[in-house]
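# 3D, please:
(one chain, ligands or ions: 1)
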Amino acid sequence: MAKNKTRANPNIHQLWPTTVLSKRFAHHQKVNPALLDLFYQHRENERRASAKSYASNDDLLEKYQEHTELQELANFIRAGVFEIAKEANANCWQQDDKVKINLTGLWFQITNGHAFHETHTHGNCSWSGVYYVRAGDSTSSPDLLQQGNEPNGITRFYGPHMEHMAGGHGDYGNYYLHDSSWDSYPNDGGLTIFPAHLKHMAFPYNGEEDRVIVSFHAQVINAKGFKYGYGMAN
Ligand SMILES: [Fe+2]
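Numbering: from 1, shown residues only. Model prediction:
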C-alpha cells in the first residue's frame with residue numbers, strides 16, 4: 001500500500017510516514033482577541049475546572065453558532081483538515097471525491113501555573129489539532145531549547161520509534177530511532193493538525209499571560225458514501 005513517490009536509492013523503501021500539518025492563520029490578529037474575550041467570559045460563566053488548568057466542554061461550535069470569529073477559525077481548521085487528509089490519502093482517494101469535514105468536537109484550554117497535559121491520544125476522529133490563540137511565554141522556537149532553556153508550554157508528539165527505544169538494543173545502526181519526537185512551538189495563530197492516534201503531550205506552562213489554545217476533533221466524510229474496508233488490498 002505504501003508507495004514512495006521519490007526514492008534516492010531504489011533498493012531502499014522508506015515506509016509509512018507520519019503526516020503533520022503546521023501553518024499560520026492569516027486572520028489571527030483580528031480573530032484571536034475576540035476569541036480571548038469569548039473564552040474568558042465562558043470560563044467565568046461555566047467554572048467547571050481549576051482556572052489555571054481550564055478546559056471547556058467540546059461543544060463550542062454549537063453553543064456559539066453566531067460568533068463570527070469562532071466560525072471563521074472553524075472554517076480555517078476545516079480547510080486545514082482537508083489539506084492534510086488529501087495529502088495523506090493521495091494514493092487512496094478518487095479524483096472526483098466529494099469530501100466533507102465534520103468538526104465533531106472543539107474546545108478551548110487556558111493554562112498557567114505549570115499546568116500540563118500528560119501524554120494521550122484522541123479517539124472517535126481521524127484528525128485532531130491545536131490552534132494557539134495566545135502563546136504567552138511559551139517556548140516559541142527550537143533555537144531557545146538549543147540555548148539550554150527548559151521547554152515551556154510546547155506540544156510534543158511521539159512517533160513509533162519511541163516504542164523501540166526503552167530496553168532495546170542501541171548501537172550506531174539504529175541511532176536513527178532517537179528521532180522519536182517532534183515539537184510544535186506555540187505562536188499566536190499557529191495551527192498544528194495531526195493523526196488523532198499520535199501520542200502527544202502539552203509541556204508545563206508558566207508565564208505572565210495564560211497560554212490559551214483551541215483543540216478539536218475532525219471526522220472526514222465521503223459525501224458519496226463510503227464503506228470502510230478492513231484491509232487495503234485492492
Ligand atoms: Fe490532545
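
# To which secondary structure element type does Phe82 belong?
helix (DSSP: H, G, I helix; E, B strand; the rest coil).

# how far does the helix or strand bottoming out on mean pLDDT in the chain sit from the chain's center?
The helix or strand of the chain with the poorest confidence is helix 142-146; it has a mean of 90 (mean pLDDT, DSSP states H and E). Centre-to-centre, helix 142-146 and its host chain are 21 Å apart (CA atoms, centre = their mean, to the nearest Å).

# Please pull up the helix or strand immediately following it.
Downstream of helix 142-146, the first helix or strand assigned by DSSP states H and E is strand 155-158.

# Quick one: the strands in this protein, in order.
21-24, 53-55, 99-111, 115-120, 127-134, 155-158, 181-184, 190-195, 199-205, 211-222 (DSSP state E).

# Tell me which of those strands sits nearest to Ala34.
Among those, the nearest to Ala34 by CB to CB is strand 127-134 (10.0 Å). Using the backbone N, CA and C atoms, a C-beta is placed for each residue, glycine as well.

# how about low-confidence regions in this protein?
Applying pLDDT under 70 to the chain flags the ranges 1-7, 166-167, 232-234.

# repeat that for 90
1-8, 14, 16, 46-51, 94-97, 144-146, 148-149, 160-171, 178, 223-234 (pLDDT under 90).

# Distance to Lys30 and mean neighbour count added to the strands of the chain, as CSV?
Listed next are the strands of the chain as CSV, based on distance: least, CB to CB, whole Å; neighbours: other CB atoms under 10 Å:
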stretch, distance to Lys30, mean neighbour count
strand 21-24, 13, 15
strand 53-55, 24, 18
strand 99-111, 18, 19
strand 115-120, 28, 13
strand 127-134, 12, 25
strand 155-158, 24, 18
strand 181-184, 23, 17
strand 190-195, 15, 22
strand 199-205, 25, 20
strand 211-222, 15, 21
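
# Val31: which of those strands is closest?
For Val31, the closest of the strands of the chain is strand 127-134, at 8.6 Å, according to CB to CB.

# Report the angle between that closest one and strand 190-195.
Taking axes from the mean of the first three to the mean of the last three CA atoms, to 10 degrees, one finds strand 127-134 and strand 190-195 inclined to each other by 160 degrees.

# Tell me which of the strands of the chain approaches Tyr230 most closely.
Using CB to CB, the strands of the chain put strand 211-222 closest to Tyr230, at 16.4 Å.

# what lines up beside the closest one in the sheet?
With DSSP bridges as the test, strand 211-222 is paired with strand 99-111 (antiparallel), strand 127-134 (antiparallel).

# and of the ones you listed, who's closest to Leu21?
strand 127-134 (7.9 Å).

# Name the residues that touch the closest one?
With contact meaning CB atoms under 8 Å, 6 or more residues apart in numbering, strand 127-134 is reached by 21, 25, 32, 35-36, 39, 73, 77, 80-81, 84-85, 108, 122, 138, 155, 184, 186-196, 209-218, 220.
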